[in-house]
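>>> Sharing a sequence plus its predicted fold:
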Amino acid sequence: QVQLVESGGGSVQAGASLRLSCAASGLTLINYGMRWFRQAPGKEREFVAYIGMSSGSTAYADSVKGRFTMSRDNAKNTIYLQMNSLKPEDTAVYYCAAQLGPGQKYYWGQGTQVTVSS
């Protein structure tokens, strides 16, 4: 059974940092493209960051570029999202998602809350 479990969220002041983790079981992350999404209250879920399969290539939403860094530890079957210089507008539930390939279904985690106060 595939399971993605996010952790590391919390409540912080603007300018602080957090590191989110997404631990996988039931699948081998190196075979999947991994993404972080977020959803703020009253808004649609939006893309945050992507990391490729074995290549480790990354892509980021413009709103987080230069502040967030996505990485993966294939030995631990875990991906991370390092979030620096957090802003109140980063407040959202953050989800990790795994996709085997283009057009394939996403596997989703349950989400972790990030709250940034000014």
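Perfect, I can see it now. Remember, it's a predicted structure, so these values are computed and weren't measured experimentally.

>>> so what's residue 80 closest to, chain neighbours aside?
Once flanking residues are discounted, residue 80 sits nearest to residue 71: 4.9 Å by Cβ to Cβ, 6 or more residues apart in numbering. Heads up, the C-betas are built off the backbone N, CA and C, glycines and all.

>>> Who is residue 106 paired with across the strands?
residue 99 (DSSP bridges).

>>> That one against residue 100, yeah?
No - assessed by Cβ atoms under 8 Å, residue 106 is found out of contact with residue 100, at 9.4 Å.

>>> isn't residue 11 right next to residue 91, touching?
No - taking contacts as Cβ under 8 Å, residue 11 lies outside contact range of residue 91: 9.2 Å.

>>> Overlap in contacts, those two.
Taking Cβ atoms under 8 Å, 6 or more residues apart in numbering as the contact rule, residue 11 and residue 91 both touch 115-116.

>>> Where do the strands of this protein begin and end?
Shown for the chain, the strands assigned by DSSP state E span residues 3-7, 10-13, 18-25, 33-39, 46-51, 58-60, 68-73, 78-83, 92-99, 106-108, 112-117.

>>> Tell me what angle the fourth one forms with strand 18-25.
The reference is to strand 33-39. Here strand 33-39 runs at 130 degrees with respect to strand 18-25, directions being taken by axes from the mean of the first three to the mean of the last three Cα atoms, to 10 degrees.

>>> which one of residue 11 and residue 91 has more residues nearby?
Counted by other Cβ atoms under 10 Å, residue 11 and residue 91 do not tie: residue 91 has more neighbours, with 17 against 12.

>>> centroid residue for this structure?
The centre of the chain sits closest to residue 36, judged by Cα atoms, centre = their mean, with a distance of 2.9 Å.
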